[in-house]
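In: Here's my sequence, what's the structure:
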Amino acid sequence: MGDRRTLCWVSQGAASIVAAKMELAVNRDAVLVRCETNNEDEDNARFEADCIRWLNAPVTVLKSDEYDSVPDVWEGEKFIAGPKGAPCTTIMKVGPRLVFQRPTDIHVFGYTADPRDIARFERLRSNYPELTVRAPLIEQAVNKAGAISILERAGIKPPRTYGMGFPNANCLRTGCGKASSPDYCLRWLPIAQTDKTITDVTQFPIAEMVIKMSDRYWVRDEDGRVYEAAWSEGNNGRDFWWDFEGESPVDPVEFAPHPLDRNRPI
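Out: Numbering: from 1, shown residues only. A predicted model of the protein is given here:
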């Protein structure tokens, strides 16, 4: 094989780690590689450390030379996502991978035997016919639940993001810029943590009224309804959250901070 390398592309999630374990079982020279986004939950570092001990292999970490974080990409490129995807994926994952890889490399990915992942892997093969790619989990008919089970049997606790209801362990700090559902792409926090600083003041001289409002937030009621609201003051001495859709005072329990809010709790 000469200088031909086998690259196991790992994230800090269950499936890619188990795929790497399968590859290392037959090829101890395989190289584990991860692209750093600085956008993951802090528990992912604990998970990766546990997995490195289990795999008995180091992880080579690749980074963008231009940006340090996903919010930096969004600010620098002036958009979060477009018809062709999100710039953070291209700049922080695809770009470093293209620089690191060689034409002769064999690429091992953590696609699972779940139907959606099988379709994604086939699209990868179709879009990049010049690459030699493998998916050990598909080859061994291991789905995502099976991958998590393998980790748990090895005594490794999966990333806490799975227990929080997220489908993967990626990008918890900002949410995924490509997602279209607020439940997926935004992280919900207690409403008490909002910044109620007044940023908009509107005067109504005829009614002798001044309405003061904060920035708008995506908020969620106790019953799960999601809508846009702002904190309002100066309403005949009453202060409350104002529902722009329902045009009425409301009492939300959670809010989703803007992805570029650097002061948001992590």
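
In: pLDDT value on residue 26, please?
Out: With respect to pLDDT, residue 26 has a value of 97.

In: count of neighbours near it?
Out: Neighbours of residue 26 under the rule other CB atoms under 10 Å: 9. All C-beta atoms are positioned from the backbone trio N, CA, C, and that covers glycine.

In: ok, now how distant is it from residue 134?
Out: Note on residue 26: its distance to residue 134, by CB to CB, to the nearest Å, is 11 Å.

In: Pretty sure residue 70 sits against residue 92.
Out: Yes - checked against CB atoms under 8 Å, the pair residue 70 and residue 92 is within contact range at 6.9 Å.

In: who touches both of those two?
Out: residue 37 (CB atoms under 8 Å, 6 or more residues apart in numbering).

In: check which helix or strand covers residue 8.
Out: strand 6-9 (DSSP states H and E).

In: quick check, distance from that strand to the centre of its chain.
Out: 21 Å (CA atoms, centre = their mean, to the nearest Å).

In: List the strands paired with it, with their directions.
Out: Strand 6-9 pairs in its sheet with strand 31-35 (parallel), strand 106-108 (parallel), by DSSP bridges.

In: among those, which is nearest residue 60?
Out: strand 31-35 (4.8 Å; CB to CB).

In: how far out from the middle of the chain is the closest one?
Out: Counting by CA atoms, centre = their mean, strand 31-35 comes out at 18 Å from the chain centroid.

In: could you check the angle strand 31-35 makes with the following helix or strand past it?
Out: Going down the chain from strand 31-35, the next helix or strand is helix 43-55, by DSSP H and E. Orientation check (axes from the mean of the first three to the mean of the last three CA atoms, to 10 degrees): helix 43-55 against strand 31-35 gives 180 degrees.

In: C-alpha coordinates for the next helix or strand after helix 43-55, PDB please?
Out: Next helix or strand after helix 43-55 toward the C-terminus (DSSP H and E): strand 59-62. Output of strand 59-62 as PDB, limited to C-alpha atoms (Å, rounded to 0.1, in the frame of the first residue of the first chain):
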ATOM      1  CA  VAL A  59      -7.000  12.200  17.300                       C
ATOM      2  CA  THR A  60      -5.400  14.600  14.800                       C
ATOM      3  CA  VAL A  61      -7.300  17.900  15.000                       C
ATOM      4  CA  LEU A  62      -7.700  20.200  12.000                       C
END
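
In: buried ones in strand 59-62?
Out: For strand 59-62, burial by neighbour count (16 or more other CB atoms under 10 Å) applies to 59, 62.

In: Could you pull up the mean pLDDT of whatever helix or strand comes next after that strand?
Out: Per DSSP H and E, the first helix or strand lying C-terminal to strand 59-62 is helix 70-77. Helix 70-77 shows a mean pLDDT of 84.

In: I'd like to know which of the strands paired with strand 6-9 is closest to residue 238.
Out: With CB to CB as the yardstick, what comes closest out of these is strand 31-35 (50.4 Å).

In: Just the CA trace of the closest one, in CSV.
Out: These are the backbone C-alpha positions of strand 31-35, laid out as CSV (Å, rounded to 0.1, in the frame of the first residue of the first chain):
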residue,chain,number,x,y,z
VAL,A,31,-5.4,7.8,11.4
LEU,A,32,-8.2,9.4,13.4
VAL,A,33,-9.0,13.0,12.2
ARG,A,34,-11.5,15.6,13.5
CYS,A,35,-12.2,19.1,12.3
